[in-house]
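Asks: model the following, please.
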Amino acid sequence: MEFINPIANSYIEQFSEATPSYLRAMYEDTIARHPHAHLQSNWHQGGILSMLSKLSAPHYILEIGTFTGFSSLCLAEGLSQNGELHTIELREDDANNAKAYFDKSPHANKIKLHVGDAKNIIPTLTHNWDLVFIDADKTGYIEYYNLVLPMLNPKGLIIVDNVLFHGDVLEEKINGKSAKAIQAFNEYLLNDKSTEQTILTVRDGLTLIRKK
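Replies: Prediction:
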């Protein structure tokens, strides 16, 4: 299901400039070459991630789900002078691709790439996070959320991707493991009185979460 008319989406991209222009080549290369290019944040969404990061000027960012690194580099735009972005990728091939892009970027010294299962890696990280971006396997969203929430700074922000899951969660009967997991996550958030959240109808849905 398309949430935004393609013509409207083209117009939005034309009049939005928050996405770092130097990332265009890597963005297009992933679309052209990667068999799962749909997993990459779209160009406009990258600008939103960059803008939110710049507004919060985070010292420590955690990203769960690196893919080829486009969203990582967008988030890194807002890092404070001595800040760090820690990003976790399960698939080694994607992690290697991301590292190649990171090494060529202005943020090479600020990005720490971890390869493996995020559920095992997150507990080993000792930072308190100012900004967290969750964009990994949908069945793990509730667990990722519960792992990072105690480590979120009081004014920190959690951003969660794909919370509309291609419109599948809007169906009267929700089918598919991932769609059911996203619906369960959305319901879980609604019932968590320690935080508040709002959903943005950007691309496949972004939820912004903060502690009360």
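
Asks: now the residue lying closest to A95 once chain neighbours are set aside: how far from I111?
Replies: Excluding the flanking residues, the one nearest A95 by Cβ to Cβ, 6 or more residues apart in numbering is E89, at 4.1 Å. (Glycine included, C-beta is placed from N, CA and C.) Distance of E89 to I111, computed by Cβ to Cβ, to the nearest Å: 12 Å.

Asks: still on that earlier bit, contacting residues around the residue nearest to A95?
Replies: Under the criterion of Cβ atoms under 8 Å, 6 or more residues apart in numbering, the neighbours of E89 are G65, T66, F67, A95, A98, L113, H114, V115.

Asks: just those: which are in strands?
Replies: If you go by DSSP state E, these have L113, H114, V115 in strands.

Asks: spit out the contact partners of the last one.
Replies: Contacts for V115 (Cβ under 8 Å, 6+ apart) come out as I88, E89, L90, E92, A95.

Asks: what sits up against the lowest-mean-pLDDT helix or strand in the chain?
Replies: For the chain, the helix or strand with the lowest mean confidence is helix 6-14, at a mean of 88 (criterion: mean pLDDT, DSSP states H and E). With Cβ under 8 Å, 6+ apart as the test, helix 6-14 has contacts from I4, W43, H44.

Asks: quick one, what contacts the last one?
Replies: I take that to be H44. N9, I12, E13, S16, T19, V202, R203.

Asks: wait, a strand at it?
Replies: No. The assignment for H44 (DSSP: H, G, I helix; E, B strand; the rest coil) gives helix, which keeps it out of a strand.

Asks: use 46 as the first number for this chain going forward.
Replies: Sure, I'll start numbering at 46, so the last one becomes H89.

Asks: any idea of the pLDDT on it?
Replies: Per-residue confidence at H89 stands at 93 (pLDDT).

Asks: cool, the first one as well?
Replies: On the pLDDT scale, I49 is placed at 70.

Asks: quick one: the least confident helix or strand of the chain to chain centroid distance?
Replies: The chain centre lies 21 Å from the centre of helix 51-59; the measure is Cα atoms, centre = their mean, to the nearest Å.

Asks: what ranges do the strands span in this protein?
Replies: Assigned by DSSP E, the strands in the chain fall at 105-109, 129-134, 156-160, 174-179, 197-206, 240-245, 251-256.

Asks: let me have these in a markdown table, extended by mean pLDDT.
Replies: Formatted as a markdown table, the strands of the chain follow (pLDDT from 0 to 100):
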| stretch | mean pLDDT |
| --- | --- |
| strand 105-109 | 98 |
| strand 129-134 | 98 |
| strand 156-160 | 98 |
| strand 174-179 | 98 |
| strand 197-206 | 98 |
| strand 240-245 | 97 |
| strand 251-256 | 98 |
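
Asks: for the ones you listed, which one ends up most surrounded?
Replies: Looking across the strands of the chain with neighbours counted as mean count of other Cβ atoms under 10 Å, the highest average goes to strand 105-109: a mean of 27.

Asks: wait, what's in contact with the most centrally placed residue in the chain?
Replies: Of all residues in the chain, the one closest to the mean position by Cα atoms, centre = their mean is F178, 3.9 Å from it. Counting by Cβ under 8 Å, 6+ apart, F178 touches L94, I106, L107, E108, I109, G110, S116, L120, I203, I204, V205, D206.

Asks: just list the residues touching the third one, thanks.
Replies: Contact partners of L107, counting by Cβ under 8 Å, 6+ apart, are 130-133, 167, 170, 172, 174, 176-178, 193, 196.
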